[in-house]
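**Q** Just a sequence and a predicted model for now, questions to come.
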Amino acid sequence: KAGVTQTPRYLIKTRGQQVTLSCSPISGHRSVSWYQQTPGQGLQFLFEYFSETQRNKGNFPGRFSGRQFSNSRSEMNVSTLELGDSALYLCASSSTGRSEAFFGQGTRLTVV
Amino acid sequence: AQSVTQPDIHITVSEGASLELRCNYSYGATPYLFWYVQSPGQGLQLLLKYFSGDTLVQGIKGFEAEFKRSQSSFNLRKPSVHWSDAAEYFCAVAGEGGKLIFGQGTELSVKP
C-alpha cells in the first residue's frame, strides 16, 4: 500500500508570494490533516479535512487555507508569504481522524 | 486544556543501554496516545499507539510503551538501544476533530 505522498519536497518562495502544497493520502483514508513544524514552535496543527469538509482548524491566520477533493487528496495554500512561514509542512492521513495517523515526508518551505 | 509534556529535551545513551523517554498528557476523556519518531528532514513514523485494553503496548523496532492512567503518563522504552535509534521522538494525544497534540519532542543521541 502506498504511503502518504507530499509534493513538492522543497520550495523556495519570496515574501509576498503564495504557495500551494499537495498531499495524497493513503488509499481509503478519508481524513487529511496538516501540521507546521518549526524549531521554535514544534508541531502545530493547521487544519483537518474529512470527506471534503473542514472539521477542525488550528490557530493560524486566514492566509493559511486548505481544501480536500473528492478523491481525498488535499491541498493547502499560503498567501502573502512571510519569512516566519518558513517551515516543514507535514500532511497526515487516517481512516477516521481518530485512528492512527500516517505522515508524509513533508514539504520544506523556505521564504526569502 | 489538552496538552502533552515531554520533560526531556535531549537524552544521550550508550549503545546497548536501555532507554526510557517520558511523556505526560492532560486530557479529560480516555486518551488515544501515540509515539512517533522523526529522522532529520523527514516525516514522522508511527512507533506505537494506545487506544484501550492492555496498558503495555508493543511497537515497531523493539519499542514498547506503558499507559499509566493514575500518573497521566505514556513512557516509551527500549531494552537495548542501537545507533540507528538516534532521532527525535514525539509523544502525541488525539484531540477533537482529527487533531493530534504533540509534545515538544525528545532528541535522542546514541554514544558508541
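**A** Sure thing, it's come through.
**Q** List the residues that contact the residue nearest to A:Leu83 when sequence neighbours are not counted.
**A** Residue nearest to A:Leu83 in three dimensions, not counting chain neighbours: A:Val111, with 5.3 Å by CB to CB, 6 or more residues apart in numbering or on different chains. For every residue, glycine as well, the C-beta is placed using N, CA and C. Contact partners of A:Val111, counting by CB atoms under 8 Å, 6 or more residues apart in numbering or on different chains, are A:12-15, A:81-86.
**Q** Show me those residues that map onto strands.
**A** The strands, defined by DSSP state E, take in A:12-13 from the contacts of A:Val111.
**Q** Tell me the one of the contacts of A:Val111 nearest chain B?
**A** A:Ser86 (13.9 Å; CB to the nearest CB).
**Q** any residue of stretch B:81-92 up close to chain A?
**A** Yes - using CB under 8 Å from any CB of the partner chain, stretch B:81-92 reaches chain A at B:Phe90.
**Q** What residues sit buried inside that stretch?
**A** Of the residues in stretch B:81-92, those buried under the neighbour-count criterion (16 or more other CB atoms under 10 Å in any protein chain shown) are B:81, B:85-92.
**Q** what do you get for stretch A:31-40?
**A** In stretch A:31-40, counting by 16+ other CB under 10 Å, buried: A:31-37.
**Q** and chain B, which of those reach it?
**A** Counting by CB under 8 Å from any CB, the members of the buried residues of stretch A:31-40 near chain B are A:31, A:33, A:35.
**Q** what does chain A put close to chain B?
**A** Within chain A, the positions near chain B by CB under 8 Å from any CB are A:4, A:6, A:31, A:33, A:35, A:42-43, A:45, A:48, A:50, A:55-56, A:58, A:88, A:90, A:92, A:94, A:97-98, A:100-106, A:108.
**Q** Chain A contacts on chain B?
**A** B:32, B:34, B:36, B:41-46, B:49, B:90, B:94-105.
**Q** In PyMOL, how would I select just the buried ones from these?
**A** Buried members of the residues of chain B next to chain A, defined by 16+ other CB under 10 Å, are picked up in PyMOL with:
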select buried, chain B and resi 32+34+36+42+43+44+45+46+49+90+94+95+97+98+99+100+101+102+103+104+105
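**Q** Could you pick out which of the residues of chain B next to chain A are located in strands?
**A** If you go by DSSP E, the residues of chain B next to chain A have B:34, B:36, B:44-46, B:49, B:90, B:94, B:100-102 in strands.
**Q** Let me know the closest of the buried residues of stretch B:81-92 to B:Leu56.
**A** B:Cys91 (16.0 Å; CB to CB).
**Q** Is the closest one in contact with B:Phe74, as I believe?
**A** Yes - using CB atoms under 8 Å, B:Cys91 is in contact with B:Phe74, at 6.2 Å.
**Q** Need the three-state assignment for the most centrally placed residue in chain A.
**A** Centroid-nearest residue in chain A, with CA atoms, centre = their mean: A:Trp34, separated by 3.5 Å. State at A:Trp34, reduced to three classes by DSSP: H, G, I helix; E, B strand; the rest coil: strand.
**Q** Which ones among the residues of chain A next to chain B map onto strands?
**A** Using DSSP E, the members of these that fall in strands are A:6, A:31, A:33, A:35, A:42-43, A:45, A:48, A:50, A:55-56, A:88, A:90, A:92, A:94, A:102-103, A:108.
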